[in-house]
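>>> Sequence unavailable; structure follows:
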């Protein structure tokens with residue numbers, strides 16, 4: 001029997017966000033009923049529910065590199081056909097995708113060129129507008145948000 005992995009994205013009145021997940025039997029599973037019950041017993045607003053059979057992509061984390069934690073990010077923006085922007089987050093990014101300042105993503109880097117081609121081939125905005133190209137990218141950090149020491 002296949003199972004769907006379901007992601008529940010919640011927001012509270014103070015703007016706080018929580019993403020949780022469950023596994024569900026996708027043969028005859030009444031996701032709408034579960035959404036209704038969950039919404040009825042939570043004071044947070046259920047913003048998004050995504051449920052599908054997961055695409056299992058196994059990769060191993062790399063140790064002893066400049067940014068090895070998921071608290072360090074590359075935030076990459078892509079343009080869409082209607083003039084909008086779509087954001088893609090890369091956790092624990094490779095140092096080589098940045099310009100020498102290590103703050104700005106280098107659009108001429110081979111890995112970023114490949115990422116842009118893949119984004120153009122597959123990504124859209126929430127409204128369905130196709131991604132058309134690279135806009136910009138920067139290094140960011142969630143360390144303060146996660147109450148982690150710098151370093």
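The structure has been received and is ready for your questions. None of the values given here were measured: they were computed from a predicted structure.
>>> Could you use CA atoms for every contact and neighbour count after this?
Fine.
>>> Other residues contacting the helix of greatest length in the chain?
The longest helix of the chain (DSSP state H) is helix 110-122. Residues from elsewhere that reach helix 110-122 (C-alpha atoms under 8 Å, 6 or more residues apart in numbering): 78, 97, 106, 107, 130, 131, 132, 133, 134.
>>> show me where the protein has helices.
Taking DSSP H as the test, the helices found in the chain are 31-40, 110-122.
>>> Out of those, name the one with the poorest average pLDDT.
Least confident of the helices of the chain, judged by mean pLDDT, is helix 31-40 with a mean of 83.
>>> Can you mark which positions in that one are buried?
Neighbour-count burial for helix 31-40, counted by 16 or more other C-alpha atoms under 10 Å, picks out no residue.
>>> That one: how far from the chain's middle?
Mean-position distance between helix 31-40 and its chain equals 24 Å (C-alpha atoms, centre = their mean, to the nearest Å).
>>> can you list the contacts of helix 110-122 in JSON lines and add neighbour count, pLDDT and distance to residue 30?
What follows is the contacts of helix 110-122, written out as JSON lines (neighbours: other C-alpha atoms under 10 Å; pLDDT from 0 to 100; distance: C-alpha to C-alpha, whole Å):
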{"residue": "78", "neighbour count": "24", "pLDDT": "97", "distance to residue 30": "35"}
{"residue": "97", "neighbour count": "21", "pLDDT": "96", "distance to residue 30": "43"}
{"residue": "106", "neighbour count": "19", "pLDDT": "98", "distance to residue 30": "46"}
{"residue": "107", "neighbour count": "18", "pLDDT": "97", "distance to residue 30": "44"}
{"residue": "130", "neighbour count": "21", "pLDDT": "93", "distance to residue 30": "31"}
{"residue": "131", "neighbour count": "26", "pLDDT": "95", "distance to residue 30": "33"}
{"residue": "132", "neighbour count": "20", "pLDDT": "97", "distance to residue 30": "37"}
{"residue": "133", "neighbour count": "18", "pLDDT": "97", "distance to residue 30": "38"}
{"residue": "134", "neighbour count": "21", "pLDDT": "98", "distance to residue 30": "39"}
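>>> Would you confirm that residue 39 contacts residue 47?
No - assessed by C-alpha atoms under 8 Å, residue 39 is found out of contact with residue 47, at 10.1 Å.
>>> Okay, now the unreliable bits of the protein?
For the chain, applying pLDDT under 70 flags the ranges 1-2, 26-29, 144-151.
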